[in-house]
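Peer 1: structure for this input, please:
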Amino acid sequence: MTRLTLGFACSLALALSLPAADWPQWRGPDRSNKVADFDAPQTWPKELSQKWKVKVGEGVASPVLVGNTLYVFARQGGDEVIMSIDAETGKIGWSEKNPAGDLGGMASGFKGPRATPAVADGKVCTFGLDGVVSCHEIKTGKLAWRKETKGTPGFKTSYSPLIADGKCVIHAGGSPKGGFNKGGGKGDGGKGEIIAFNLKDGTEGWKTPVEAPGYSSSVLMTVKGTKVLVSLTESSAVGVALADGKKLFQSSFKGHPRYGNTVTPIADGDTLILSSQGSGTIAFKVEPDGDAFKLKELWKSDQAPHMYNSPTLIDARIYGLSGSGRGASNLYCLDAKTGDVLWVDKTARGECGSVLDAGNVLLALSSDSNLLAFKPSAKGYEEIARIKVADSPTWAVPVVTGKRVFVKDKDSLILWTFE
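Peer 2: From the prediction side, this is the model:
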């Protein structure tokens, strides 16, 4: 073997042995849907290679990946189950369950959990349909602690827990004033609270009374050296200090007329971008206001995402899927500096989907089970590939790393690879 060939073989072996980039919570490490290490093929195939498929249970919670282990939160029978899965083989390592409770009304259409787990510091945290926060050891699955919260929105808990600075933060509370609470929610009249549990032992670090949560998840932003947790209620945006829970701002932001706020905010430095079918898309600058902050509007667009889509910021452009109600959605692109609509694609997609920043290519997985690859462009939708990756609807955000794509469908987790 020549020195050149030996060097190439060693480099290849090293590349194959490197750990995957972690995807430890909802929409990735910083909730931006940015893929750090996608290895795009030189020639896009018409189909991917399925390496394994394992039944995990129902639910629309997304899988997460840390090291070479996946963590999946789903419903099996009458239980909510958190489990670890070997990313290479699909073998289940451990699984732990907790009673899921009954679903009624509109909420019964989706039997499994909606909230994506979060992993950090050797722990994995889940937020169940009935508002139960559970924390398990990632190596063994042993329960570290469990806490019950008061009330849930009518469509049940959809807030994905956020772990930062040794805290597991959740937004708990009863039914929003409208929407799914008519379908069997056990709300308490619109009251809520943001709670920071100490990750180590589950003790309460701080608790801040706010309005009841919508169906979106929080983001973390740093403004003038202060870490601010931004959370949406049914009709407002609230910012609290991660350190102590002090309320730093509250600004009116109307959500979907029936369902409230469902879209995860975008944080970009001191710019906060909020979207809903009640208010369109609005960009704010978060500015100091005495010992707190205020939101200064930068621009506003009537363009809004589908209530089941959270847009993604990529190179000063915002990509999302528009639509309303239970209808199909369409990919669109906004200028993130002005709010101008750059393009809207006319092809109808599924009623849910996510757009991922994979570097020189954008990836989207819509609920019609197609993985789309398209060019990042201000001129229009330029499709590179469209590949079927499931036989049932795909509502969860996929995990993409290297040449691997992990897809959660109705009740299974699938590993697809680019050969």
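
Peer 1: host element of residue 222?
Peer 2: strand 219-223 (DSSP states H and E).

Peer 1: which helices and strands does that strand pack with?
Peer 2: Counting contacts by 3 or more CB pairs under 8 Å, 6 or more residues apart in numbering; DSSP states H and E, strand 219-223 packs against strand 226-232, strand 266-268, strand 280-289. Backbone N, C-alpha and C define where each C-beta goes, glycine included.

Peer 1: switch to 6 Å and redo it
Peer 2: strand 226-232 (3 or more CB pairs under 6 Å, 6 or more residues apart in numbering; DSSP states H and E).

Peer 1: the strand it packs on pairs with which strands?
Peer 2: If you go by DSSP bridges, strand 226-232 pairs up with strand 219-223 (antiparallel), strand 236-241 (antiparallel).

Peer 1: closest one to residue 372 among these?
Peer 2: Proximity to residue 372 (CB to CB) singles out strand 219-223 among the strands paired with strand 226-232, at 24.6 Å.

Peer 1: in the stretch 201-350 of the chain, where is pLDDT below threshold?
Peer 2: 325 (pLDDT under 70).

Peer 1: tell me where it has strands.
Peer 2: 204-211, 219-223, 226-232, 236-241, 247-252, 266-268, 271-276, 280-289, 292-301, 312-314, 317-322, 330-335, 341-344 (DSSP state E, counting those that start in this stretch).

Peer 1: can you put those in TSV and add mean neighbour count?
Peer 2: Shown next, in TSV, are those (neighbours: other CB atoms under 10 Å):
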stretch	mean neighbour count
strand 204-211	17
strand 219-223	19
strand 226-232	22
strand 236-241	21
strand 247-252	17
strand 266-268	20
strand 271-276	24
strand 280-289	18
strand 292-301	16
strand 312-314	21
strand 317-322	24
strand 330-335	22
strand 341-344	16
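
Peer 1: any idea how many residues pack against the closest residue to residue 148 other than its chain neighbours?
Peer 2: Distances taken as CB to CB, 6 or more residues apart in numbering put residue 132 closest to residue 148, at 5.4 Å, once the chain neighbours are dropped. Residues near residue 132, counting by other CB atoms under 10 Å, number 19.

Peer 1: rewinding a little: a markdown table for the strands paired with strand 226-232, including distance to residue 316?
Peer 2: Output for these, formatted as a markdown table (distance: least, CB to CB, whole Å):
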| stretch | distance to residue 316 |
| --- | --- |
| strand 219-223 | 17 |
| strand 236-241 | 22 |
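
Peer 1: which of those sits closest to residue 81?
Peer 2: Short answer: strand 219-223, nearest of the strands paired with strand 226-232 by CB to CB, at 27.5 Å.

Peer 1: quick one: the closest one to strand 247-252, angle?
Peer 2: Angle of strand 219-223 versus strand 247-252, following axes from the mean of the first three to the mean of the last three CA atoms, to 10 degrees, is 120 degrees.

Peer 1: run through who's touching strand 219-223.
Peer 2: 31, 164, 228-230, 265, 267, 270, 286 (CB atoms under 6 Å, 6 or more residues apart in numbering).

Peer 1: tell me which of the residues you listed is nearest to residue 393?
Peer 2: For these, the closest approach to residue 393 (CB to CB) belongs to residue 31, at 23.2 Å.

Peer 1: now that closest one: phi and psi?
Peer 2: phi 60, psi 30 (degrees, to the nearest 10).
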